[in-house]
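> coordinates for the following, if possible.
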Amino acid sequence: MKMVVVMSIAEHDKSLKQIFAECKVSAFSEVDVEGYKNDGGEDLSANWFAASRSAVYSKMAVAFLEDEKAKILMERIKSASEQHQINPFHAVLLNVEQTV
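Below you'll find the model as predicted:
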């Protein structure tokens with residue numbers, strides 16, 4: 001069993017759900033994520049103007065899948081990311097050692 005975690009900007013939410021449907025992912029969880037990026041190395045908390053403008057609104061989806069289905073999903077996400085080069089999907093595939 002595998003766990004697939006996918007991050008995307010909120011604007012790509014519909015595309016991600018379409019990919020899940022195409023790959024026959026029957027169940028997944030999704031949460032809103034407010035992300036921050038600090039390219040300059042400065043302390044964003046010390047600069048109220050920069051801190052208020054640096055948020056990126058994203059979605060994180062998590063699915064538990066059989067190995068082959070997870071592999072197919074990762075390949076499809078990779079392909080879709082090539083179409084969204086400015087804000088690609090980010091996905092990780094993790095082994096699930098045990099479930100309860």
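> could you give the number of residues near residue 28?
As a burial measure, residue 28 scores 16 neighbours (other C-beta atoms under 10 Å). (Glycine included, C-beta is placed from N, CA and C.)
> tell me how far it lies from residue 36.
From residue 28 across to residue 36, the span is 25 Å (C-beta to C-beta, to the nearest Å).
> for residue 73, same thing?
Residue 73 is 27 Å from residue 36, by C-beta to C-beta.
> go on, residue 61?
The gap separating residue 61 from residue 36 is 20 Å, by C-beta to C-beta.
> those two - which one has more neighbours?
Legend: neighbour count by other C-beta under 10 Å for residue 61 and residue 36, higher for residue 61 (21 against 9).
> work out for me the element that one sits within.
Here residue 61, judged by DSSP states H and E, is contained in strand 55-65.
> helices or strands next to that strand in the packing?
Secondary structure elements in contact with strand 55-65, counted by 3 or more C-beta pairs under 8 Å, 6 or more residues apart in numbering; DSSP states H and E, are strand 2-9, helix 13-22, strand 29-36, helix 67-83.
> neighbouring strands for that strand, and are they parallel or not?
strand 2-9 (antiparallel), strand 29-36 (antiparallel) (DSSP bridges).
> which of these comes out lowest on mean pLDDT?
Among the strands paired with strand 55-65, strand 29-36 carries the lowest mean pLDDT, a mean of 90.
> contacting residues around it?
Outside strand 29-36, the residues that touch it by C-beta atoms under 8 Å, 6 or more residues apart in numbering are 7, 10, 44, 54-63.
> relative to helix 13-22, how tilted is it?
150 degrees (axes from the mean of the first three to the mean of the last three C-alpha atoms, to 10 degrees).
> number of residues surrounding residue 12?
Neighbours of residue 12 using other C-beta under 10 Å come to 22.
> equivalent analysis for residue 76, please.
17.
> wait, it sits on residue 22?
Yes. Using C-beta atoms under 8 Å, residue 76 is in contact with residue 22, at 6.6 Å.
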